[in-house]
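Asks: Got a predicted structure plus its sequence, pasted below:
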Amino acid sequence: MTPPRAGRAGAVALVIALLIAGCSGGEGDAPGAGVDRAPQHAAAADEAAAEDAPSADETERLVIQTGSVSVTADDAPAVASEIARWVVAQGGRVDSRSETAATADETAWASLVVRVPAQRVTPLTDRLAELGTVTGIDLTSQDVTGTAQDLDARIHALEISVERMESLMRDAGSTKDLLTAESALSDRQAELESLQSQRDRLADQVALSTLEISVAGPGALPATAERGTFATGLATGWDALVSTVAWLLVALGVLLPWLVLLAAGTLVVVGLRRRTRRRAAPSPAQTPAA
């Protein structure tokens with residue numbers, strides 16, 4: 001048998017050993033410690049990413065601006081030229097331009113379709129007010145943020161799909177698999193290029209606003225009286241003669257069928273009268289002797 005003191009000493013030593021083992025296990029990295037902490041680190045990373053990502057309210061809005069402006073000015077072509085220079089200087093462009101000088105019947109006018117940066121629309125209207133009198137403004141805005149986000153998502157998905165198709169083509173084990181992957185890749189690339197073109201056009205419409213500007217002059221030119229000369233009188237007389245002859249020829253053409261019909265009727269009537277007279281006149285055999 002073990003002496004009582006020896007048993008107590010062994011028990012105390014066992015308790016101390018357990019305490020030391022517990023302390024060392026708490027301070028060191030246990031095999032399951034990394035597994036238990038991994039979800040916590042992942043959740044923390046997700047929360048940090050969610051905080052850094054912009055919210056829906058913070059997303060930059062994409063807006064397309066279009067409109068028309070009407071202006072009156074003393075010199076419409078000159079104002080149109082100044083507008084074109086100003087637009088180009090602001091980083092825009094002129095898509096179309098047409099001008100007409102003033103006449104005795106119509107006023108001078110000019111029409112332009114310009115593309116200007118979205119932030120320069122208001123300065124453009126202010127500049128037009130300096131060049132002439134603005135008689136009408138019609139501006140509209142269209143928010144296309146949702147459309148752009150949808151296009152971006154579809155483009156991203158197709159890019160991933162194209163990469164997978166290319167990987168399948170590299171790993172194709174037979175000619176049939178290669179042809180199938182190549183056909184699918186061609187379809188996805190065509191759709192991807194179409195979506196990218198739509199996204200580029202949308203970005204261009206957002207970056208450059210489209211404005212149609214019409215500039216009208218103050219009025220028509222006054223009519224001026226011209227002095228007649230011998231040459232102008234001769235020309236006027238000749239024109240009158242030509243017009244008269246032409247009118248007579250037209251009248252003759254209208255009356256000619258009726259004249260032919262009347263002449264034919266007259267000939268028929270004269271012939272019938274001659275026959276009647278011949279029948280009514282007595283022959284020489286029937287005339288009594290004197």
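Replies: Alright, I've got the coordinates. Numbers count the residues shown, from 1 in each chain.

Asks: Can you tell me the element residue 268 falls in?
Replies: Counting by DSSP states H and E, the element that carries residue 268 is helix 230-280.

Asks: can you give me the helices for the stretch 101-250 of the chain?
Replies: Remark: helices of the stretch 101-250 of the chain, listed N- to C-terminal, are 121-131, 145-170, 175-207, 230-280; assignment by DSSP state H, counting those that start in this stretch.

Asks: Output the contacting helices and strands for the shortest one.
Replies: What it means is helix 121-131. strand 63-72, helix 76-89, strand 133-143, strand 208-220 (3 or more C-beta pairs under 8 Å, 6 or more residues apart in numbering; DSSP states H and E). (C-beta placed from N, C-alpha, C; glycine too.)

Asks: One more: the second one?
Replies: In this structure, helix 145-170 packs against helix 175-207, with contacts taken as 3+ C-beta pairs under 8 Å, 6+ apart.

Asks: What are the buried residues along the helix it packs on?
Replies: Neighbour-count burial for helix 175-207, counted by 16 or more other C-beta atoms under 10 Å, picks out 181, 184-185, 188, 192, 195, 199, 202, 205-206.

Asks: Switch these over to CSV; also include pLDDT.
Replies: Converted to CSV, these look like this (pLDDT from 0 to 100):
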residue, pLDDT
181, 79
184, 84
185, 86
188, 88
192, 91
195, 93
199, 93
202, 92
205, 92
206, 92
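
Asks: nearest to residue 104, of those residues?
Replies: Of all those, the one sitting nearest residue 104 is residue 205; the distance, using C-beta to C-beta, is 42.2 Å.

Asks: And the closest one, how close does it get to residue 95?
Replies: Computed as C-beta to C-beta, to the nearest Å, the residue 205 to residue 95 distance reads 13 Å.

Asks: For the chain, name the helix or strand with the lowest mean pLDDT.
Replies: Ranking every helix and strand in the chain by mean pLDDT, DSSP states H and E puts helix 33-52 at the bottom, with a mean of 40.

Asks: Low-confidence stretches in the stretch 151-290 of the chain?
Replies: 219-228, 281-290 (pLDDT under 70).

Asks: sorry, back to before: just put the helices and strands packed on helix 121-131 in CSV and tack on mean neighbour count and distance to residue 259.
Replies: CSV is the format used below for the helices and strands packed on helix 121-131 (neighbours: other C-beta atoms under 10 Å; distance: least, C-beta to C-beta, whole Å):
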stretch, mean neighbour count, distance to residue 259
strand 63-72, 18, 62
helix 76-89, 18, 59
strand 133-143, 12, 63
strand 208-220, 19, 50
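
Asks: what helix or strand is residue 60 on?
Replies: Counting by DSSP H and E, no helix or strand carries residue 60.

Asks: hmm, back to that, of all the helices and strands packed on helix 121-131, which one comes closest to residue 149?
Replies: Closest of the helices and strands packed on helix 121-131 to residue 149 is strand 133-143, at 11.5 Å (criterion: C-beta to C-beta).

Asks: for that closest one, packing partners?
Replies: Identification of packing neighbours for strand 133-143 by 3+ C-beta pairs under 8 Å, 6+ apart yields strand 63-72, helix 121-131.

Asks: Relative to residue 86, which of those is closest?
Replies: Between residue 86 and these, the shortest gap by C-beta to C-beta is with helix 121-131, which sits at 5.7 Å.

Asks: Next, the angle from the closest one to strand 208-220.
Replies: Taking axes from the mean of the first three to the mean of the last three C-alpha atoms, to 10 degrees, one finds that helix 121-131 is oriented at 10 degrees with respect to strand 208-220.

Asks: ok, and for helix 121-131, which residues are buried?
Replies: Of all the residues in helix 121-131, those buried under the rule 16+ other C-beta under 10 Å are 121, 124-125, 128, 131.

Asks: for it, what is the average pLDDT?
Replies: The predicted model gives helix 121-131 an average pLDDT of 92.

Asks: same check, this time on stretch 67-83
Replies: Along stretch 67-83, the predicted local confidence has a mean pLDDT of 91.

Asks: what about that stretch, start to end distance?
Replies: From the first residue to the last, stretch 67-83 extends over 16 Å; the measure is C-alpha to C-alpha, to the nearest Å.
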